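> model the structure of this input:
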Amino acid sequence: MENVGIYTPPKKNDAIVGRISDTFEVALSHEDLEVTQSAQDKLNEIITQSEDDVSAIRIYIGGGGCSGMTYGMTFTDQQTDYDTVLSFDGFKVFVDVVALNYLRGAQIDYIQEAGRERFVFNNVFAATGGSGSCGGCGAATG
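Predicted coordinates for the structure are as follows:
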């Protein structure tokens, strides 16, 4: 069988020039990730009321498999070289480039229902065409 490709690790003296943020656009657009006005208002309120010295929200992803990805948010005060940034009045949203690939085209909304308030991530698979449901891996067969 032929080798399709051979990996050659970089040599120790190969220099990596510049930061990662120098090689891609760090600004996040509202087309990449929409945050509704109600979500913006609630996030701004939460940050304003926080006793911690934070000025940003980090959106992250986790999991995968048949249950789909899980999406969440946390306070942060540090931007990494791998973050894209969406700015609002009073706060910023950081999304690392890996999470952005799963979030591109999504909408974050804040919903208030009788006795229940929550943030929701809508249309999270818009760019990839997926649905987050089981793709027939065999784990759910009976």
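
> per-residue pLDDT, Asn122?
Note on Asn122: pLDDT of 90.

> show me the contacts for it.
Taking C-beta atoms under 8 Å, 6 or more residues apart in numbering, we find Asn122 in contact with Ala106, Gln107, Ile108, Asp109. To be clear about C-beta, it is placed using only N, CA and C from the backbone, and glycine gets the same treatment.

> how much space separates Gln37 from Asn44?
Distance of Gln37 to Asn44, given as C-beta to C-beta, to the nearest Å: 10 Å.

> neighbour count: the two, which is higher?
A count of neighbours by other C-beta atoms under 10 Å puts Asn44 above the other of Gln37 and Asn44, at 15 against 9.

> assumed the more buried one was part of a helix.
Yes - with DSSP: H, G, I helix; E, B strand; the rest coil as the criterion, Asn44 is assigned to a helix.

> quick check: closest non-adjacent residue to it.
The shortest distance from Asn44 to any non-neighbouring residue, by C-beta to C-beta, 6 or more residues apart in numbering, is to Gly90 (4.5 Å).

> need the contact list for the one you found.
Per C-beta under 8 Å, 6+ apart, neighbours of Gly90: Asn44, Ile47, Thr48.

> looking at those residues, which is nearest Cys66?
Closest approach to Cys66 among those (C-beta to C-beta): Ile47, at 34.7 Å.

> phi and psi next, for the closest one.
phi -70, psi -40 (degrees, to the nearest 10).

> residue ranges of the helices in this protein, please?
Here the chain has its helices, by DSSP state H, at 37-49, 97-103.

> show me the contact partners of the longest one.
Yep, that's helix 37-49 we're talking about. Residues contacting helix 37-49 (C-beta under 8 Å, 6+ apart): 35, 54-55, 57, 73, 75, 88-91, 93, 108-112, 119.

> switch the cut-off to 6 Å
Contacts with helix 37-49, where a contact means C-beta atoms under 6 Å, 6 or more residues apart in numbering, come from Ile57, Phe88, Gly90, Phe91, Ile108, Asp109, Tyr110.

> how about the fourth one: what's its closest non-neighbour residue?
Here the nearest residue to Phe91 in space, its sequence neighbours aside, is Ile47; by C-beta to C-beta, 6+ apart that works out to 4.9 Å.
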